[in-house]
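Colleague: Sequence below, structure please.
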Amino acid sequence: MANTVLPVLALPHPLILLPTARITIPVQRSTGEELLSLVQHAEDQPLIAAVPLTSPDASLHSWGTAARIVRLIRPPARNQKQPFLLTLQGVARIRILEERNTICSDSADGIVERRVEYPEAEGTPAMESIIKFKASALRLLELLAKDTSQQAKRDAYRKIADMLENTTDGKMANMADLLVASVNGEYADKLDFLSASNAEDRLSRATTIFVKQTSITEVSKKIAQSVDDSLSKQQKEFYLRQQLSAIQRELASITRGTSVSNSTPIIPDVQGSGNDAPKVSELDNEEQAEVEEMADIKAKIEAMAKDSEERKMGVREWRRLKRIPQGSVEHGVVRNYLEWLTSVPWTGSEGNASAISMETLRNPAFISNARAQLDADHYGLEKIKKRLIEYLAVVRLKAVQADREQALATSQKSVEASKEPHPSQTDLETNVSAMVPGQEQSPTPSSSTTKPKPSTVKGPILLFIGPPGTGKTSLGQSIARSLNRPFQRISLGGVRDEAEIRGHRRTYVGSGPGLIVQALRKAGRPDPVILLDEIDKVSQSNFHGDPAAALLEVLDPEQNHSFNDHYVNVPIDLSQVLFICTSNSLETISAPLLDRCEIVQLSGYTYDEKVHIARRFLLPKQLTANGLTSEHLELSEDALMHIATMYTREAGVRSLERAIGGVVRYKAVEWAEHIDTSLVDAEKHPEDTRNVIDKAVLNGYKRIVETDELEKILGIARWDADERERDERRGVVYGLVVTGMGEGGILPIETILIPSGSGTLKLTGSLGEVIKESGELALSWVKTHAYQLGITQHRSIDPLKVPGETRDIHLHLPSGAVKKDGPSAGIAMTCAFVSLLTGACVPSDVAMTGEITLRGRVGPVGGIKEKVLGAHRAHIKKVILPWANRKDVEQDVPPEVRSAMQLVFVRTMEETLEAAFGKGVLGWRGESMPVLESRL
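Modeller: Residues are numbered from 1 along each chain as shown. Okay, the predicted model is just below:
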């Protein structure tokens, strides 16, 4: 190796000069003067050592490049701050031999001579290294040529590629220097490449640099292309939306201008004629609406309770929304979720109303006002009103208790504040506590007002069971008005998917929350009254899930404080919601769901209650709906009662309302005709100043509808008085039934003896299995006690198989097309068999109901109120009922009905027969059948 002494110039970081490369750098004036003196005293272009720095503030590298000074430009003398410009051409690698290579960038103000050495001859690299080098270099040059947009650079890269193909193997190391110098590689890689003196090693390091740079270029190109595609799509969409908005505004202004010119003449605006400029619709400014909606979502998230699950979810989805491009599909999905999340009235959020307004609860007349509201909306229903008043009383007491606790806490704070030594000390402590991070400040009583705690009474789960038209849904609306809460109705009829209750998961396309969350959003408060209508008609379990099972969490007071909707996926507090369920029957409701509800029975209205409801609610409603007033039409009490009894047969009042509507419409037509006649008469006789009503009365108009007019208006009555026209007959007894419409009535039980039979019982009339078993039980009891009743002369004789004649009994219940079932006809069938076999008749004004056992005990039955009301309507004088149903009569049957008939409560069949036939009518033989006790 050849040694020599060369002036060393420290290159500024991060510049590196490789052999065959050329760079131009600025140098300070002092360094430039030294270089200028060196050039002037040299015979040829002088050589200097251009050595790079290992780091910006570190020492010189041990390797550098011997470079020729190609050009040195001196700045003008008048500008002392402008540096020299030095152009260097790399010649060969050199290595600094001396250890004193601590020249830094800060101290490199001059030229320092150092001893350097030139490495030995490089030699020829291996063919394998040459092939790898050429492949990596050509690949990089190809990518650079494709990526550049300048034709000159593209041509330069292609020329370099041609030179590489034509370069001999001996000159391949020099070609590596040229290519590495022209590539924007990393500084450390180039320093490592500079220190490679061997040709084989140099090609290997150059290949590594080219492969690394090729990978970086490809990845950068993919990222840039994806970003450009996304930006171009967004820019295109934004541009088109702007054009569409401008076109819509222009069309709107043209449309408004055309409508104004067609409707009104063009008047010149002289001294302000008052013509207003066309207004811009709020639907036109989409950008402003978008900004306001996003600001509203952000404000609602900030209003959520601190550290709550819904706030954490909202913040996370909000940040995610900001990272998603606006034109993507995912942006719309997240945006829709945030709108639902922020629209739910979360408990504890700012701006949400408490469970019940505290001002309303503090009113001393709160309970009386609620009772007056319920009485004004519904007539009767005393049991339901009593239960609701109990709930309101508990809420009222809770509110009073909360006020007392709050007043006590306020007084204690006031006492503590009065014991403080000096206000300045309190201010100092407040300032110190404010400086402590994470420490909350408690406001003093003098600086902040104490807010009362909301009521925490859990809403009851009420289940209204009753026939259609008994006011279950309207009763829920009345409850909401009494509580001053929003009312929402959810119809569950035909719901067959569990997701309709719990919501769909967000992974599905078009997913959304369930009906419960939708009702909360519409209500806007966490404590609405939600009516779950027709809960008995929810679909049973199928492949969509079980909706009834999903309702278990909703209607459980111990679980619904953390109801989980699959779409929202955040626990929702439903404990403040007052749920009211309605149903027509209990048979189709699952037992677990029924166990969570408080059942309230709505058995139906009496005829007196129907008349009152028609007078107070139905008739004014129909008059308003048909354009009439009370001055035009009035229904008498007898007419209303006749409509209720002869034209309707239901537990509710829907058919009654339709019948009253028919009467009102008939009178509306008649009134309209009289008005037309009066107008014609007024034109003929203008001197007549009487009002329209007086003229109509003179022309024959009757405003009062009587009973005898109803057949002309409504037609022949659907229900006649056949049930009132009864005869005493052998083997006929009247039982009490409840029809499918929830209406009570009487039903004759007819029996006859068929001679020349086989001693069997024949049952007809569309009877179910239970009522058939009741008939067999009744006949078995009669056969067992035939001797005591005087039917047979010996205990062992079958009354149907007397010596010399065998007979059958045929029992029939009329209305054969109507299905009949149940055990309540047991005692009536027994009395019918006794009447048939003894010849004694039960009076036609006696009706009965009750289940019979094999021992002759009378068991309780259901539907007592409906049955007693049906007997009262049929003019029954005596009703025989089981002893166990006394409480039902006292609680449900109105006093005026109880006082109008004789109610007899029986425990055994002996008491039943005595009450039905009369005392002493049946010839009992005194002693009863001995009871034999088994000794087995």
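Colleague: Send me stretch 899-915 as CSV with only the CA atoms.
Modeller: Taking Å, rounded to 0.1, in the frame of the first residue of the first chain, the C-alpha atoms of stretch 899-915 are listed here in CSV:
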residue,chain,number,x,y,z
SER,A,899,-128.7,-7.1,46.3
ALA,A,900,-130.9,-7.9,43.3
MET,A,901,-130.6,-11.7,43.7
GLN,A,902,-130.2,-14.4,46.2
LEU,A,903,-126.7,-15.9,46.4
VAL,A,904,-126.5,-19.4,48.0
PHE,A,905,-123.1,-20.8,48.8
VAL,A,906,-122.9,-24.6,49.2
ARG,A,907,-120.3,-27.1,50.3
THR,A,908,-121.9,-30.5,49.4
MET,A,909,-124.3,-31.9,46.9
GLU,A,910,-126.9,-32.3,49.6
GLU,A,911,-126.9,-28.6,50.2
THR,A,912,-127.0,-28.0,46.5
LEU,A,913,-130.1,-30.2,45.9
GLU,A,914,-131.9,-28.5,48.8
ALA,A,915,-131.1,-25.0,47.5
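Colleague: ok, residues contacting that stretch?
Modeller: 781, 785, 827, 830-831, 834, 846, 848, 850, 852, 856-858, 868, 871-872, 876-883, 885-886, 889, 922, 924 (C-beta atoms under 8 Å, 6 or more residues apart in numbering). No exception for glycine: its C-beta is placed from N, CA and C like everyone else's.
Colleague: Let's see the PyMOL selection covering just the buried ones among the residues you listed.
Modeller: Buried members of those can be picked out in PyMOL with the line below, counting by 16 or more other C-beta atoms under 10 Å:
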select buried, resi 781+785+827+830+831+834+846+848+850+852+856+858+868+871+872+876+878+879+880+881+882+883+885+889+922
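Colleague: Among the contacts of stretch 899-915, which are located in helices?
Modeller: Those of the contacts of stretch 899-915 mapping onto helices are 781, 827, 830-831, 834, 868, 871-872, 886, 889, per DSSP state H.
Colleague: In the residues you listed, which has the lowest confidence score?
Modeller: Lowest pLDDT of the ones in helices among the contacts of stretch 899-915: H872, 86.
Colleague: pretty sure S197 is touching R93, no?
Modeller: Yes. Using C-beta atoms under 8 Å, S197 makes contact with R93 at a distance of 5.9 Å.
Colleague: Identify, by residue count, the longest strand of this protein.
Modeller: Secondary structure assigned by DSSP state E gives strand 84-96 as the longest strand of the chain.
Colleague: separation between A591 and R481?
Modeller: 33 Å (C-beta to C-beta, to the nearest Å).
Colleague: got a list of contacts for the helix or strand encompassing G735?
Modeller: When elements are defined using DSSP states H and E, G735 is found to belong to strand 732-738. Strand 732-738 has contacts (C-beta under 8 Å, 6+ apart) with 726, 744-751, 820, 824-825, 828-829, 831-832, 835, 841-842, 844, 846-849, 862-863, 866-868, 870-871, 876, 879, 916.
Colleague: Can you tell me the strand partners of the helix or strand just after it and which way each runs?
Modeller: Next helix or strand after strand 732-738 toward the C-terminus (DSSP H and E): strand 744-754. If you go by DSSP bridges, strand 744-754 pairs up with strand 732-738 (antiparallel), strand 808-812 (antiparallel).
Colleague: Would you mind finding the most buried of those strands?
Modeller: strand 732-738 (a mean of 25; mean count of other C-beta atoms under 10 Å).
Colleague: ok, how many other residues are close to G923?
Modeller: By the measure other C-beta atoms under 10 Å, the count of residues near G923 is 12.
Colleague: Tell me who's in contact with it.
Modeller: 789-790.
Colleague: For it, give its distance to L836.
Modeller: 16 Å.
Colleague: Ok, I704 next?
Modeller: With distances taken as C-beta to C-beta, I704 is found 51 Å from L836.
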